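Peer 1: How does the following fold in three dimensions:
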Amino acid sequence: MTSLRYLLARAVTVEQRVRRAVETRRAIDPDPDDAFRGLYLTEENVARLLDEEGSRSFPPLDDEPPEDLASSRLTTLATEFGLTPLDIEILLIALVPDLDDRFEAFYGYLNDDVTRRRPSIGLALGLCGSTPADHAARARLAARSPLRAGGLLLVEDLERPFLSRALRVPDRVTAHLLGDDTPDPRLADLMAPWQAVRGVGDPAPLAAVLADGVRLAYLSEDQGGAGTALAASALTAAGLGVLGLDLSRLAEDPAPADAIRALVREARLTNAGLVCAPLDAVSREHPHLLRLLTATHVPAILVGRTPWDASWSTSPPLLLHAPRVEPSARGALWTEAYEQWSPVPLPPAIEADHLLAPFLLTPEQITGAARGAAQTARLAGGELTPDHVRRGARAQNAAGLDRLARRIEPTVTWRDLVLPPETHTQLRELTARARHRDRVLGEWGMRPGGGRGRGVSALFAGDSGTGKTMSAEVIASDLGLDLYTVDLATVIDKYVGETEKNLERIFTEAAGVNGVLLFDEADAIFGKRSDVKDAHDRYANVESAYLLQRMESFDGLAILSTNLRANLDDAFTRRLDLVIDFPIPDPTQRLLLWERCLGPLLPRGADLDLPFCAENFELAGGNIRSIAITSAYLAADTGTPVTMATLIHSIQREYQKLGRLTLASEFGPYLGLVQG
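Peer 2: Below you'll find the model as predicted:
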């Protein structure tokens with residue numbers, strides 16, 4: 001006997017009780033000839049409904065003895081929710097109108113009100129053989145009873161007296177009993193597709209304690225952590241289903257408490273556990289939601305980056321730390337996901353683990369990155385390229401940092417840099433640190449103590465225009481990351497403590513983004529601490545001390561650039577991985593800069609003497625770029641190529657901007673071209 005057949009068989013017994021109740025009501029009706037009887041039900045209608053054997057939804061019972069029904073859904077439901085035999089009978093009485101619409105008329109007749117087509121509490125108790133004054137029977141329908149607290153039964157018309165309130169079974173419970181496992185539509189916008197993932201951490205220890213009855217665990221994780229995947233794997237290994245809850249969406253729900261109750265009911269109906277993340281979305285402003293989640297009867301695993309607060313639950317959780325997806329597993333997960341989404345085989349030249357090494361991605365983000373890469377390659381009409389892989393990974397970035405920093409999509413490469421060999425070598429070393437930090441600090445265990453993160457930080461020091469920002473862009477391009485330039489106008493605040501709050505917001509948002517964070521003119525916020533002579537000095541030192549600590553715990557790639565290296569606090573310098581100097585270019589480098597800044601398309605006059613410009617004018621690359629652009633505009637205005645006169649005029653304008661004197665020793669034979 002199937003679960004559905006058992007349910008229908010139990011419904012037949014309810015039908016028999018209702019039939020007897022209707023027949024009894026007909027027999028004792030004091031006024032069967034009432035002229036207004038059509039306002040509810042006539043005797044003929046009642047008789048016809050009672051005689052409609054052919055239209056009855058319930059199959060007749062066999063004479064065979066029932067089979068073992070331990071696995072039926074109704075029996076499992078009773079065990080999970082702690083229902084008594086009386087609870088089950090009340091549930092069935094409320095359920096049958098959703099299985100056979102004739103019972104709406106029956107209940108209307110028994111309620112003596114055709115508008116009330118659901119069983120009332122008094123009617124249900126009477127059909128079960130209980131008296132309305134039976135306090136034990138009435139308690140089975142109290143607010144904290146298993147039926148109501150578990151969400152299996154709704155009591156409506158609360159403004160009515162207790163016995164006349166209507167009973168209704170939620171549609172989701174009815175569908176479950178009929179064999180439908182489609183989740184409650186109420187949860188559609190809240191559920192997250194977190195599933196078990198192979199090769200990410202060891203779920204066996206957590207699965208073992210879940211199987212032993214542990215109901216609450218908290219997995220703390222860092223950026224790119226595998227907390228949700230590990231939690232889902234542990235639940236699966238413990239023989240439970242997985243229901244993912246996006247806490248950031250729950251925080252925006254207009255009735256989050258109702259959503260939690262529906263989610264808990266869904267988990268109990270389907271024998272599943274909850275995976276709830278990110279904890280940070282509700283821990284600060286909605287801690288009451290955490291108390292509701294942690295008080296449930298189902299296994300709940302919460303995932304986040306915030307340290308656990310004991311006030312969030314009445315019982316202490318099992319505290320664990322979720323590992324990151326290390327580079328050795330990152331490429332395998334990406335490849336597996338790509339092969340599921342793309343009909344085109346993965347090109348042998350694509351080394352996913354190498355391309356994804358700079359990215360700190362969760363298993364879900366790795367899957368999304370692979371899907372995005374497959375779609376981009378299909379749009380391009382060709383096979384997958386490394387750029388497609390990087391674009392798919394960058395697409396997983398959160399957008400919060402865009403409100404606090406200016407995002408730059410890198411377009412320059414190493415070939416565009418003109419720097420001394422030593423500076424160039426140091427930039428390559430910085431890129432290697434960013435690419436291999438997970439392997440060195442994670443797999444090889446080289447991470448220092450003291451709460452330091454896996455971040456990489458460097459200082460670019462040099463005069464304006466020497467290539468600091470461009471070098472940061474080149475590094476971001478080589479790693480496949482976006483460059484975020486922090487706008488100091490969004491950071492510096494005249495009120496005490498506000499600058500630190502602004503910086504904390506930037507670091508927090510940057511933790512969810514795979515990018516290069518550039519603090520331009522860093523000496524303005526990373527300056528030296530001083531002796532405390534007044535309140536201003538004390539608060540300035542507090543700001544610097546906070547930044548020292550926050551930089552150490554940052555997990556990303558941060559670059560500080562300054563024109564005044566001597567103004568930086570020595571404690572910052574000690575905590576930096578690299579300090580790279582950007583000197584003024586020498587004549588050989590300046591000649592190369594002149595050639596590249598003027599470009600191959602700009603028309604040039606025959607008298608253009610670039611070696612002279614490179615030898616005589618000590619200018620940084622940014623100044624040379626500015627002169628080249630000014631010359632291009634002058635050439636466009638006059639409709640002539642860029643001549644030496646045009647170039648000298650542009651150099652003169654740049655000198656005026658810089659406040660430098662026009663010396664005959666610099667301009668030499670071209671001094672006559674200088675306009676007075």
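
Peer 1: low-scoring pLDDT stretches of the stretch 401-550 of the chain, where are they?
Peer 2: Counting by pLDDT under 70, the stretch 401-550 of the chain shows low-confidence ranges at 448-453, 487-490, 492, 494-497, 523-548.

Peer 1: Let's see that with 80 instead.
Peer 2: Across the stretch 401-550 of the chain, the ranges flagged by pLDDT under 80 are 403-404, 442-454, 487-500, 502, 511-512, 521-550.

Peer 1: Quick check: phi and psi at the residue most central in space within the chain.
Peer 2: The residue lying closest to the centre of the chain (CA atoms, centre = their mean) is residue 278, at 6.9 Å. The phi/psi pair for residue 278 (degrees, to the nearest 10) reads phi -90, psi 140.

Peer 1: Quick check: chain neighbours aside, which residue is closest to it?
Peer 2: Residue nearest to residue 278 in three dimensions, not counting chain neighbours: residue 304, with 5.0 Å by CB to CB, 6 or more residues apart in numbering. From N, CA and C alone the C-beta is placed, and that goes for glycine too.

Peer 1: cool, and residue 189?
Peer 2: Once flanking residues are discounted, residue 189 sits nearest to residue 249: 6.1 Å by CB to CB, 6+ apart.

Peer 1: per-residue confidence for the residue nearest to the centre of the chain?
Peer 2: What the model reports as pLDDT for residue 278 is 92.

Peer 1: if we can go back for a sec, could you give the number of residues near the residue nearest to residue 189?
Peer 2: When neighbours are defined as other CB atoms under 10 Å, residue 249 has 15 of them.

Peer 1: try residue 514
Peer 2: 26.

Peer 1: these two touch, right, it and residue 362?
Peer 2: No. Using CB atoms under 8 Å, residue 514 makes no contact with residue 362, being 11.1 Å away.

Peer 1: so how far is residue 237 from the residue nearest to residue 278?
Peer 2: Here the criterion is CB to CB, to the nearest Å. By it, residue 304 lies 22 Å from residue 237.

Peer 1: More neighbours: the two, which one.
Peer 2: Using other CB under 10 Å as the criterion, residue 304 and residue 237 rank with residue 304 on top: 23 against 17.

Peer 1: is it true that that one touches residue 290?
Peer 2: No. In this structure, residue 304 is not within contact of residue 290 by CB under 8 Å, at 10.0 Å.

Peer 1: what is in contact with these two at once?
Peer 2: Here residue 304 and residue 290 have 279, 283 as joint contacts, going by CB atoms under 8 Å, 6 or more residues apart in numbering.

Peer 1: Next, give phi and psi for the closest residue to residue 273 other than its chain neighbours.
Peer 2: Among residues not flanking residue 273 along the chain, residue 299 sits closest, at 3.7 Å (CB to CB, 6+ apart). The phi/psi pair for residue 299 (degrees, to the nearest 10) reads phi -60, psi 130.

Peer 1: so how many other residues sit close to residue 299?
Peer 2: Neighbour tally, residue 299, other CB under 10 Å: 23.

Peer 1: ok so, going back, touching, the residue nearest to the centre of the chain and residue 322? I think so.
Peer 2: No. Here residue 278 does not reach residue 322: they are 11.9 Å apart, not a contact under CB under 8 Å.

Peer 1: Mutual contacts of the two, please.
Peer 2: Jointly contacting residue 278 and residue 322 under the rule CB under 8 Å, 6+ apart are residue 303.

Peer 1: Show the residue spans covered by the strands in this protein.
Peer 2: 154-156, 166-168, 191-192, 216-220, 241-246, 272-277, 300-304, 318-321, 405-408, 456-462, 482-486, 515-519, 557-562, 578-582 (DSSP state E).

Peer 1: Which one, of those strands, ends up nearest to residue 14?
Peer 2: Checking the strands of the chain against residue 14 by CB to CB gives strand 166-168 as the closest, at 12.7 Å.

Peer 1: and for that closest one, what are the contacting residues?
Peer 2: In contact with strand 166-168 (CB under 8 Å, 6+ apart) are residues 90, 93-94, 116, 118-121, 124, 141, 153-157.

Peer 1: Which member of those is positioned nearest residue 628?
Peer 2: Nearest to residue 628 out of these is residue 154 (CB to CB; 75.2 Å).

Peer 1: Just to check, that closest one is in contact with residue 171?
Peer 2: No. Look at residue 154 against residue 171 with CB under 8 Å: they stay out of range, at 10.3 Å.

Peer 1: Comparing the two, which shows the higher neighbour count?
Peer 2: For residue 154 versus residue 171, the count of surrounding residues by other CB under 10 Å is larger for residue 154: 16 against 12.

Peer 1: Kindly state the beta-bridge partners for the more buried one.
Peer 2: Residue 154 forms beta bridges with residue 168, as assigned by DSSP bridges.

Peer 1: Buried residues, stretch 396-405. List them.
Peer 2: Within stretch 396-405, the residues that count as buried by 16 or more other CB atoms under 10 Å are 396, 397, 400, 401, 404, 405.

Peer 1: Let me have the residues you listed in TSV, extended by distance to residue 72.
Peer 2: TSV is the format used below for the buried residues of stretch 396-405 (distance: CB to CB, whole Å):
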residue	distance to residue 72
396	44
397	49
400	49
401	53
404	56
405	59
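
Peer 1: what's the most distant pair in those?
Peer 2: Of all pairs drawn from the buried residues of stretch 396-405, the greatest distance, 18.7 Å, lies between 396 and 404 (CB to CB).

Peer 1: re the thing from before, weed out the non-buried ones from the contacts of strand 166-168.
Peer 2: Buried, going by 16+ other CB under 10 Å: 90, 93-94, 116, 118-121, 124, 141, 153-155, out of the contacts of strand 166-168.

Peer 1: What is the lowest-pLDDT residue among the residues you listed?
Peer 2: Within these, lowest confidence goes to residue 116 (86).

Peer 1: is it true that that residue touches residue 107?
Peer 2: Yes. Between residue 116 and residue 107 there is a contact under CB under 8 Å: 7.2 Å.

Peer 1: rewinding a little: in helices, which of the contacts of strand 166-168 fall?
Peer 2: Mapping the contacts of strand 166-168 onto helices (DSSP state H) picks out 90, 93, 94, 121, 124.

Peer 1: So which bits of stretch 139-150 are buried?
Peer 2: Neighbour counts over stretch 139-150 (16+ other CB under 10 Å) mark 140, 141, 145, 146, 147, 148, 149, 150 as buried.

Peer 1: How about the contacts made by residue 260?
Peer 2: Per CB under 8 Å, 6+ apart, neighbours of residue 260: 250, 289, 292, 293, 296.

Peer 1: Residue 550 versus that one, what's the distance?
Peer 2: Using CB to CB, residue 260 is found at 34 Å from residue 550.

Peer 1: How far off centre is the longest helix seen in the chain?
Peer 2: Under DSSP H, the helix in the chain containing the largest number of residues is helix 3-27. Relative to its chain's centre, helix 3-27 lies at 50 Å (CA atoms, centre = their mean, to the nearest Å).

Peer 1: what's the answer for stretch 119-132, then?
Peer 2: What separates the centre of stretch 119-132 from the centre of its chain is 49 Å, taken as CA atoms, centre = their mean.

Peer 1: Show the contacting residues for residue 475.
Peer 2: Applying CB under 8 Å, 6+ apart, the residues near residue 475 are 427, 430, 431, 434, 516, 557, 559.

Peer 1: now with 10 Å?
Peer 2: Listed by CB atoms under 10 Å, 6 or more residues apart in numbering, the contact set of residue 475 reads 358, 410, 414, 427-428, 430-431, 434, 458, 481, 483, 516, 518, 557, 559.

Peer 1: what's the lowest-pLDDT member of the contacts of residue 260?
Peer 2: The lowest pLDDT within those belongs to residue 296, which sits at 86.
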